[in-house]
Every structure is written in structure tokens, then in C-alpha cells.
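Enquirer: any chance you could fold what I've pasted below:
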Amino acid sequence: MKKSPPPPISEAEALVMQELWARSPQGADEIAATLGPRQGWQLATVKTLLNRLLNKGAVTAERDGRRFLYAPAVPQDAWVADTGLSLIDRLFGGRLAPLVAQFASERKLKAEDVEALKALLKEQGHE
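Expert: Predicted coordinates:
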């Protein structure tokens, strides 16, 4: 049975998720204390983002007295993998070579990147 992809997460929601992946569970006030100064967000903004993530099934909430503690329901690696594949599908028709070519045309590949790509190709049976 194929796993369903993680829900799409906006850039702002991703910032909240990163806080939760780094440390969870957390209350909205704790997340706001961390992200608020950096993003210019009030507690209400963080609560709105958490509610969206909760509705998407990306986070869970557990009552802790008068507040809720939030934790990620989506593993970070699953979200990163799905987001990356979705981007490659959208921009490059699912092909990796044009992605690497585009990247290499914008930035010179470092020697360690070239070696990592060679190792990956060898690992997948492409000598």
C-alpha cells in the first residue's frame, strides 16, 4: 500500500514545523517566543498557522491544562522528500539531469558535490 504524501505546507507553516521538528511538543506561546522576533509575528499569527497545520493533519495537539502542546505528525524527512520530488516534477518533468544542469549553470559545482554525484550514480548501478 502506497503511503499518502504529506500535506502541502506553506513557507510560513514550514517555519513553524521546523521549530516543532527541532523540539516538541511545544505550546503556541513557546513557538511565538522563538519565531515572533525573527518573523515579526504575534501569538495570534502562530496560533493561526498551528490551526492550519492541525487541519491539514501535519501536527497533533494535546491538551496540557489550559493550553495545547503541538507536535509534528509528519516526519521531517518525509516532508523534505515529498517537497523535493514535487518541485522536480513541476519544474523539470520529474527528470534529475535538467535540475543538475540548471544548478550547475547558476553555481559552479564543488569537487565534493561532483564526488557525491559520482558515488550516487555508482550506488545506483550507473558506473
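
Enquirer: every contact and neighbour count from this point should use C-alpha atoms.
Expert: Fine.

Enquirer: Glu62: helix or strand, and which one exactly?
Expert: strand 59-64 (DSSP states H and E).

Enquirer: in that strand, what's buried?
Expert: Using 16 or more other C-alpha atoms under 10 Å as the test for burial, strand 59-64 gives 59-61.

Enquirer: go on, stretch 71-80?
Expert: 71-74, 76, 79.

Enquirer: report the lowest-confidence entry in those.
Expert: Note: of the buried residues of stretch 71-80, the lowest pLDDT belongs to Trp79, at 73.

Enquirer: neighbours of Gln42, how many?
Expert: 14 (other C-alpha atoms under 10 Å).

Enquirer: just the C-alphas of the strand holding Glu62, formatted as PDB.
Expert: This file holds the C-alpha atoms of strand 59-64, laid out as PDB (Å, rounded to 0.1, in the frame of the first residue of the first chain):
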ATOM      1  CA  VAL A  59       0.600  18.500  13.600                       C
ATOM      2  CA  THR A  60      -1.100  16.900  16.600                       C
ATOM      3  CA  ALA A  61      -2.400  18.800  19.600                       C
ATOM      4  CA  GLU A  62      -2.600  17.500  23.200                       C
ATOM      5  CA  ARG A  63      -4.300  19.500  25.900                       C
ATOM      6  CA  ASP A  64      -2.000  20.500  28.800                       C
END
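
Enquirer: and the helix or strand following it, how far out from the chain middle?
Expert: Using DSSP H and E, the next helix or strand after strand 59-64 towards the C-terminus is strand 67-72. Mean C-alpha position of strand 67-72 versus that of the full chain (C-alpha atoms, centre = their mean, to the nearest Å) differs by 18 Å.

Enquirer: any stretches of this protein with poor pLDDT?
Expert: Low-confidence segments of the chain, defined by pLDDT under 70: 1-6, 81-89, 94, 127.

Enquirer: and the strand holding Glu62, how far out from the chain middle?
Expert: 20 Å.

Enquirer: distance of Val59 relative to Leu91?
Expert: From Val59 over to Leu91 the distance is 28 Å, taken as C-alpha to C-alpha, to the nearest Å.
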